[in-house]
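Enquirer: need a structure here:
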Amino acid sequence: MASPNPGYALEYISVLVPDENLHMRDLIREILLALGIKDPSLVSNVPRAFKELLHFAADIITTDWHLEPLDGFRFVKLVRTALESRNP
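Expert: A predicted model of the protein is given here:
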């Protein structure tokens, strides 16, 4: 059986997960690891998530709708429009 194309292997996907709930972060981490994603970045709030994006080029961001001080929608908008965003 041929090995999968490394460009499509989940281990090469970088994932950022901002979530205030520690138990949800732990659950999401276990799911991502089980899917084969290596070393997902999980943070507890929006400021940390945006700071993490300055040096962590996330391919995927999963976010909670109910975050503080910005909700998930506003966080995504910030990632897409902020001048200092590395990967809008």
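
Enquirer: in space, what's closest to N45 - neighbours in sequence excluded?
Expert: E20 (6.2 Å; Cβ to Cβ, 6 or more residues apart in numbering). In short, each C-beta sits where N, CA and C put it, glycine included.

Enquirer: helix, strand or coil for the one you found?
Expert: Here E20 is recorded as coil under DSSP: H, G, I helix; E, B strand; the rest coil.

Enquirer: correct me, but it touches D64?
Expert: Yes: E20 is in contact with D64 according to Cβ atoms under 8 Å; the separation is 6.8 Å.

Enquirer: just to revisit the earlier point, any idea how far the residue nearest to N45 lies from D59?
Expert: From E20 over to D59 the distance is 23 Å, taken as Cβ to Cβ, to the nearest Å.

Enquirer: neighbour count: the two, which is higher?
Expert: Taking neighbours as other Cβ atoms under 10 Å, E20 and D59 compare with E20 leading, 14 against 11.

Enquirer: need the phi and psi values for that one.
Expert: Phi and psi for E20, reported as degrees, to the nearest 10, are phi -70, psi -20.

Enquirer: and it, what is it in contact with?
Expert: When the contact criterion is Cβ atoms under 8 Å, 6 or more residues apart in numbering, the partners of E20 are S44, N45, D64, H66, L67, E68.

Enquirer: now with 10 Å?
Expert: Contact analysis of E20 by Cβ atoms under 10 Å, 6 or more residues apart in numbering lists V43, S44, N45, V46, D64, H66, L67, E68.

Enquirer: report the buried members of the residues you listed.
Expert: Buried residues within these, defined by neighbour count using 16 or more other Cβ atoms under 10 Å: V43, N45, V46, D64, L67.

Enquirer: ok, the first one touching K51?
Expert: Yes: the pair V43 and K51 qualifies as a contact (Cβ atoms under 10 Å) at a distance of 8.3 Å.

Enquirer: state the distance from the residue nearest to N45 to D26.
Expert: E20 is 13 Å from D26, by Cβ to Cβ.
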